[in-house]
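# What would the 3D arrangement of this be:
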Amino acid sequence: MDFGLSAEQEMIVETVRAFVETEIYPHENEVERTGFVPPELGREIQRKCIALGFYACNFPEEVGGAGLDHVTFTLVERELGRGSLGLTVFFGRPSGILMACEGEQRERYLLPAVRGEKIDALAITEPDAGSDMRGMKCAARRDGADFVLNGTKHFISHADVADFVIVFAATGEEETPKGIKKKITAFLVDRGTPGFEILKGYDSVSHRGYHNSTLSFTDCRIPEAQVLGEVHRGFDIANQWLYGTRLTVAATCVGRARRVFEMALPYAAERKQFGRPIGANQGVSFKLADMITEIDAAEWLTLAAAWRLDAGLSADRQIASAKLYASEMLARVTDEAIQIYGGMGLMDDLPLARFWRDARVERIWDGTSEIQRHIISRDLLRPLGA
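Below you'll find the predicted structure:
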């Protein structure tokens, strides 16, 4: 086994880390204080990312992306995880699901998204349909050559800055071994389409500056030409690409945990109580040992899952394991870092309280910890007939 990075991967890691430290870190406190990213700052980050050649680095070269393999892209996401999500979203990684665009859709949505001319958002979750995607109530009925969409989506990340939204809606029903389930279709819906409103979402304790929105569709007419993929096959393409987003969550959790650890370690070595560094006490030093062991374990789980994708191997269970472990690891590491700092760790003078709050949502979005455990256990038991 070769666990080393290539010279190119080392260069990419160093470049992205430097970008995060120089272009993201200086603005984090203000974004945390206001909960807002000025549009001009977002555009500046986007322009600099494009100039570096990293915009849409998750897309193949034939459509204008950097064509990074899964392992290298996971390393990029790990480094971006060190920074505030409200700012790193402008680094630009469009939804991979846009590769399903065909014909005129490529010119209208895919290529502008890759070039940074348009920003997309992914709309799946509803008030009554989170983990149960096939239970969604947002529905589109066929009307001649169009579909008419009605319903509500919520918790839709960065829809407030999106030019178009990839919306999943029920377009029929089918009998399954588990009863009647909705048939799902994906649609490309432009901001400003009549009957489509992007409304302010909920105020969250996690990732301030990275907003969620509520989407409202009232008799919103969508031409059939804006169906992404095939009618009734939206569930299939969603599943295909959601695994990639879960790998991203795992990678960003690792990056954030390393930043937290890099604060806790020198503090434990320098902070003195009772005449010696607190790190000399096993009550603190053992915390550090557990923290770095968990961070390393999460990183190798994540990179191993990405490696399987590059090797053309099935990776559903491995990605679920990485997402589950890394997100729960981040919660433990941030909590222990605050314990090492004591009361100061909860003060706004330091970013630890932010990391602690941000960590909480990672166990929920892109598939809850319970969903990941379901995927893992199902993969283990199905071959045995259970």
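
# quick one, domains of this structure?
With domains defined by the TED database, the chain comprises 7-102, 120-228, 242-384.

# List the single closest residue to residue 357 in space, sequence neighbours excluded.
residue 205 (4.8 Å; CB to CB, 6 or more residues apart in numbering). To be clear about C-beta, it is placed using only N, CA and C from the backbone, and glycine gets the same treatment.

# Quick check: the one you found is in a strand.
No - in this structure, residue 205 is coil, not part of a strand, as judged by DSSP: H, G, I helix; E, B strand; the rest coil.

# you'd agree it is up against residue 360?
Yes - shown here, residue 205 and residue 360 form a contact pair, counting by CB atoms under 8 Å, at 7.1 Å.

# Show me where the stretch 51-200 of the chain has its helices.
70-80, 85-88, 104-105, 111-115 (DSSP state H, counting those that start in this stretch).

# related to what we said a few turns ago, tell me how many other residues crowd the residue nearest to residue 357.
Number of residues near residue 205 (other CB atoms under 10 Å) recorded here: 11.

# got the phi/psi numbers for the closest residue to residue 361 other than its chain neighbours?
Nearest-residue entry for residue 361: residue 206, 3.9 Å, with adjacent residues in sequence omitted and distances by CB to CB, 6+ apart. Here the main-chain torsion angles of residue 206 (degrees, to the nearest 10) amount to phi -100, psi 140.

# so residue 206 makes contact with residue 364?
No - no contact is recorded between residue 206 and residue 364 when judged using CB under 8 Å, the distance being 9.0 Å.

# rewinding a little: which stretch among the helices of the stretch 51-200 of the chain comes nearest residue 172?
Go through the helices of the stretch 51-200 of the chain one by one with CB to CB and the one that ends up closest to residue 172 is helix 104-105, at 22.1 Å.

# centre of the chain versus that closest one, how much separation?
Using CA atoms, centre = their mean, to the nearest Å, the mean C-alpha position of helix 104-105 is found 26 Å from that of the whole chain.

# Give me the contact list for that helix.
Contact with helix 104-105 is made by 188, 225, 226, 228, as judged by CB atoms under 8 Å, 6 or more residues apart in numbering.

# can you do 7 Å?
In this structure, residues lying in contact with helix 104-105 by CB atoms under 7 Å, 6 or more residues apart in numbering are 188, 225.

# Next: stretch 367-385.
With contact meaning CB under 7 Å, 6+ apart, stretch 367-385 is reached by 131, 246, 316, 317, 320, 321, 323, 324, 327, 328, 363.

# Rebuild these as a markdown table, extending it with pLDDT and distance to residue 287.
What follows is the contacts of stretch 367-385, written out as a markdown table (pLDDT from 0 to 100; distance: CB to CB, whole Å):
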| residue | pLDDT | distance to residue 287 |
| --- | --- | --- |
| 131 | 72 | 33 |
| 246 | 94 | 28 |
| 316 | 93 | 33 |
| 317 | 96 | 30 |
| 320 | 96 | 28 |
| 321 | 98 | 24 |
| 323 | 98 | 24 |
| 324 | 98 | 22 |
| 327 | 98 | 20 |
| 328 | 98 | 16 |
| 363 | 97 | 21 |
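
# what separates the residue nearest to residue 357 from residue 353, distance-wise?
Using CB to CB, to the nearest Å, we find residue 205 at a distance of 10 Å from residue 353.

# Repeat that for residue 136.
Computed as CB to CB, the residue 136 to residue 353 distance reads 35 Å.

# Kindly report the same for residue 141.
Between residue 141 and residue 353 the distance, using CB to CB, works out to 48 Å.

# ok, residue 70 - contacts?
In this structure, residue 70 makes contact with 306, 309, 310, judged by CB under 7 Å, 6+ apart.

# Highest neighbour count among the residues you listed?
Counting by other CB under 10 Å, top hit in the contacts of residue 70: residue 306 with 26 neighbours.

# So that one lies in a helix, does it not?
Yes - read with three-state DSSP, residue 306 is one of the residues of a helix.

# Distance of it relative to residue 266?
Taken as CB to CB, the spacing of residue 306 relative to residue 266 amounts to 30 Å.

# Next: residue 170.
53 Å.

# who's more crowded, the two?
Between residue 170 and residue 266, counted using other CB under 10 Å, residue 170 has the larger neighbour count: 23 against 10.

# which residue sits closest to that one, ignoring its sequence neighbours?
The shortest distance from residue 170 to any residue other than its chain neighbours is 4.0 Å, reached at residue 182 (CB to CB, 6+ apart).

# shouldn't residue 322 be in contact with residue 244?
No - counting by CB atoms under 7 Å, residue 244 is not a contact partner of residue 322; they are 11.8 Å apart.

# between these two, who's got more neighbours?
residue 322 (29 against 22).

# Counting by contacts, list what the helix or strand that contains that one packs against.
Using DSSP states H and E, the secondary-structure element containing residue 322 is helix 316-341. The elements that helix 316-341 packs onto, with contact taken as 3 or more CB pairs under 7 Å, 6 or more residues apart in numbering; DSSP states H and E, are helix 234-270, helix 282-310, helix 352-361, helix 369-381.

# and it, which residues are buried?
Within helix 316-341, the residues scored as buried using 16 or more other CB atoms under 10 Å are 316-338, 340-341.
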